[in-house]
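K.L.:
attaching a predicted model along with its sequence, questions to come.
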Amino acid sequence: MYDLIGDIHGHADELRALLAHLGYRPDDAGTLRHPENRQVIFLGDYVDRGPKIRETLQLVRGMVEGGAALAILGNHEYNALAFWQKDPAGGHLRPHRPWHLRQHWRTIEEFGTPELYREWQGYLEWFLTLPLALELPGLRAVHACWEPRHIDYLRGKLPGLRLTRAFLLRASRRGSPEYEAVETTLKGREVHLHGLVFHDKDGHPRDLMRVRWWQNPATATAYRDYYLEDLPELHGQPVDFARLDPSYYQDETPVFFGHYWLRGAPQILQPHAVCLDYSVAKGGQLVGYRWDGEAVLSAEKLVWVA
């Protein structure tokens with residue numbers, strides 16, 4: 001069975017504490033391993049923001065390569081690949097703008113010497129081995145959004161759902177099918193606000209807002225019930241369903257994901273969907289779920305450390 005863990009963002013101390021709580025102990029080689037052969041599934045976002053990014057990568061990669069864990073790609077690993085890959089048209093696939101530099105700065109600091117930079121290059125190559133999503137008997141794991149048409153498209157283009165440098169180049173072109181599929185899978189479904197602009201948690205102005213793709217939008221009575229930002233400008237307004245994609249996650253296969261910086265007490269979002277990102281990099285909790293094969297998820301299986 002599996003223990004799934006949400007976004008870590010360089011918080012190695014909290015990760016070690018959560019793994020210890022879940023029963024993982026170092027073997028003779030130093031790899032953290034469960035005595036009952038359970039495996040961890042890491043849901044992405046290992047880098048940026050936190051105080052011990054290198055240690056987090058060492059721990060996660062060591063467990064994966066030691067057979068004690070599986071890991072998928074998060075949007076921060078994807079962003080790092082684009083940030084460091086040269087664009088044939090000039091510059092890099094992710095431009096080195098000030099806000100991009102700020103987002104990556106903690107990672108850049110940790111690998112700031114020539115020797116550590118070479119190590120970082122090895123991690124970038126390792127990121128290419130991580131799938132964009134996992135579908136295992138009885139469960140699914142994705143960093144941000146399980147949308148079947150995008151998952152199917154990516155499966156058709158990427159063996160094992162693993163990125164290639166050539167695909168990364170095509171996915172960097174806004175408006176391409178590769179861009180749309182990767183953006184949704186790793187960053188979530190977004191909708192236009194049609195004239196409204198808000199500032200996200202990092203202070204960036206945005207006119208697209210993430211929505212709760214796991215929830216039927218028809219059940220929303222207010223924008224904050226379906227949108228992931230509670231904007232004062234939208235208070236009291238009816239939801240404009242004509243602008244929303246009516247599809248939502250209705251499968252009975254449980255899906256586990258991170259990404260959304262939720263706050264408060266961890267909870268099950270619907271019987272077959274749970275987000276495990278509760279903002280450890282912003283003073284929240286590092287959250288996991290002990291999965292033992294159940295189709296209907298239970299709040300009793302959620303575990304976390306602050």
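P.N.:
In hand now; what should we look at?

K.L.:
pull up the pairing partners for the helix or strand bottoming out on mean pLDDT in the chain, direction included.
P.N.:
Within the chain, no helix or strand scores below strand 198-199, which has a mean of 77 by mean pLDDT, DSSP states H and E. If you go by DSSP bridges, strand 198-199 pairs up with strand 205-206 (antiparallel).

K.L.:
tell me the first helix or strand C-terminal of the partner strand.
P.N.:
Downstream of strand 205-206, the first helix or strand assigned by DSSP states H and E is strand 208-210.

K.L.:
show me what that next one is packed up against.
P.N.:
Helices and strands touching strand 208-210, by 3 or more CB pairs under 8 Å, 6 or more residues apart in numbering; DSSP states H and E, are strand 190-192. All C-beta spots, glycine's among them, are computed from the backbone N, C-alpha and C.

K.L.:
list the buried residues for the strand it packs on?
P.N.:
Glu190, Val191 (16 or more other CB atoms under 10 Å).

K.L.:
what do you get for stretch 47-64?
P.N.:
By neighbour count with 16+ other CB under 10 Å, stretch 47-64 contains the buried residues 47-50, 52-57, 59-61, 63-64.

K.L.:
now do the helices in the stretch 51-200 of the chain.
P.N.:
Along the stretch 51-200 of the chain, counting by DSSP state H, counting those that start in this stretch, helices occupy 53-65, 75-84, 98-110, 114-127, 148-157, 165-171, 177-187.

K.L.:
run the angle between the last one and helix 75-84 for me.
P.N.:
This points to helix 177-187. 140 degrees (axes from the mean of the first three to the mean of the last three CA atoms, to 10 degrees).

K.L.:
who does helix 177-187 touch, helix- and strand-wise?
P.N.:
Where contact means 3+ CB pairs under 8 Å, 6+ apart, helix 177-187 is packed against helix 75-84, helix 148-157, helix 165-171.

K.L.:
distance from the chain centre to the first one, please.
P.N.:
The gap between where helix 75-84 is centred and where its chain is centred comes out at 12 Å by CA atoms, centre = their mean, to the nearest Å.

K.L.:
pLDDT (mean, whole number) over that helix?
P.N.:
What helix 75-84 shows for mean pLDDT is 98.

K.L.:
check stretch 91-111 too.
P.N.:
95.

K.L.:
ok, stretch 130-140 next?
P.N.:
98.

K.L.:
what's the separation between the closest residue to Ala171 other than its chain neighbours and Phe167?
P.N.:
Using CB to CB, 6 or more residues apart in numbering and skipping residues adjacent in sequence, the residue nearest Ala171 is Glu178, 4.0 Å away. The gap separating Glu178 from Phe167 is 6 Å, by CB to CB, to the nearest Å.

K.L.:
do Gln85 as well
P.N.:
Taking CB to CB, one finds Gln85 at 11 Å from Phe167.

K.L.:
before we move on, what about Glu110?
P.N.:
Counting by CB to CB - Glu110 and Phe167 are separated by 28 Å.

K.L.:
who's more crowded, those two?
P.N.:
Glu110 (21 against 17; other CB atoms under 10 Å).

K.L.:
check contacts around the more buried one.
P.N.:
Gly10, Ile53, Arg54, Leu116 (CB atoms under 8 Å, 6 or more residues apart in numbering).

K.L.:
my guess is the second one contacts Tyr46. True?
P.N.:
Yes: the pair Ile53 / Tyr46 is scored as a contact, 7.3 Å apart, by CB atoms under 8 Å.

K.L.:
shared neighbours, these two?
P.N.:
In contact with both Ile53 and Tyr46: His9, Gly10, using CB under 8 Å, 6+ apart.

K.L.:
find residues that contact each of Glu178 and Phe167.
P.N.:
In contact with both Glu178 and Phe167: Lys157, using CB under 8 Å, 6+ apart.

K.L.:
where does the stretch 201-306 of the chain have low pLDDT?
P.N.:
201 (pLDDT under 70).

K.L.:
let's see it at 90
P.N.:
201-209, 218-225, 227-245, 306 (pLDDT under 90).
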